[in-house]
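Q: Kindly generate the corresponding structure for this input.
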Amino acid sequence: MKSLKGIIIGIILVFSIGVVVFLGLSLYAYSNLKYYSVYYAQQMPHKEGTEPDLVMLIENMGSIYTPKIEGIRYDDDGGNAIENTKSETVLSDAMGNFLYLKYHITIGFDSTFRLHHVSDFTGEQPKREIHEDEIKQEIREVFAPVIDAQPKPRINLQWLFNMKYQDRFN
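A: Residues are numbered from 1 along each chain as shown. Reported below is the predicted structural model:
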């Protein structure tokens, strides 16, 4: 009877340690994918016209590295937004989509950062045509200090990130 009791306690102990290890590794993987998401998104193969690094920059703003940079302000109390006070621009999320605000014009992007709509709040028609590639390049230039400051992971889980997000951006 004593040996059976010892075996049962041993099985419970091994199972409990296994569950704790599994939960710990899962938590580490989850936090690693969030914190380094911009880096992983830059390395991930994706369909032309989609911008996974810009998407991850805004979606995971509460988890990524947000360096203190003069002229850059982060707003994560509610919807996520990054404001560049020098160029008076804001990049934010809006219910799964993304908005780029510059002066009185709002440019909307879908969940993969493809151009969705353009709104001019003065009521006038835009004076020039909006070119998606030019706008995306401008966004990259304006928010480059934040993107460039993202660290490289010590333990690279690129394969896991790709498994989770690659279908979304292809």
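
Q: Go ahead and flag the most central residue of this structure.
A: Centroid-nearest residue in the chain: Met56, 1.6 Å away (criterion: CA atoms, centre = their mean).

Q: Alpha carbons of the helix or strand where it lies, in PDB - could you do that?
A: If you go by DSSP states H and E, Met56 is part of helix 52-59. C-alpha atoms of helix 52-59 as PDB (Å, rounded to 0.1, in the frame of the first residue of the first chain):
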ATOM      1  CA  PRO A  52       3.100  43.700 -41.100                       C
ATOM      2  CA  ASP A  53       5.700  45.800 -39.200                       C
ATOM      3  CA  LEU A  54       3.500  48.900 -39.100                       C
ATOM      4  CA  VAL A  55       0.500  46.700 -38.100                       C
ATOM      5  CA  MET A  56       2.500  45.100 -35.200                       C
ATOM      6  CA  LEU A  57       3.800  48.600 -34.200                       C
ATOM      7  CA  ILE A  58       0.300  49.800 -33.500                       C
ATOM      8  CA  GLU A  59      -1.400  46.500 -32.500                       C
END
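
Q: can you give me the angle the helix or strand hosting Gln137 makes with helix 52-59?
A: Per DSSP H and E: Gln137 is located in helix 132-142. Computed with axes from the mean of the first three to the mean of the last three CA atoms, to 10 degrees, the direction of helix 132-142 lies at 60 degrees from that of helix 52-59.

Q: start at 507 instead
A: Will do, 507 is the new start, and the previous item becomes helix 638-648.

Q: Show me what the mean pLDDT comes to for the helix holding Met562.
A: Average pLDDT, helix 558-565: 93.

Q: Show me what that helix is in contact with.
A: The contact list for helix 558-565, computed with CB atoms under 8 Å, 6 or more residues apart in numbering, reads 543-544, 546-548, 550, 552, 570, 586-588, 597-599, 604, 617-619, 642, 645-646, 649, 652-653, 671, 674-675. Just so you know, the C-beta spots here come from the backbone N, C-alpha and C atoms, and that holds for glycine as well.

Q: Pull out the buried residues from those.
A: Buried members of these, scored by 16 or more other CB atoms under 10 Å, are 543-544, 546-547, 550, 552, 570, 586-588, 597-599, 604, 617-619, 642, 645, 649, 652-653, 671, 675.

Q: Out of these, list just those in strands.
A: Among those, the ones falling in strands (DSSP state E) are Ala587, Ile588, Leu597, Ser598, Asp599, Phe604.

Q: Tell me the confidence at Phe521?
A: Looking at Phe521, its pLDDT is 95.

Q: what does Lys633 give?
A: For Lys633, the model assigns a pLDDT of 55.

Q: Would you mind pulling the contact partners of stretch 650-670?
A: The contact list for stretch 650-670, computed with CB under 8 Å, 6+ apart, reads 535, 538-539, 541-551, 559-560, 563, 570-573, 575, 578, 588, 646.
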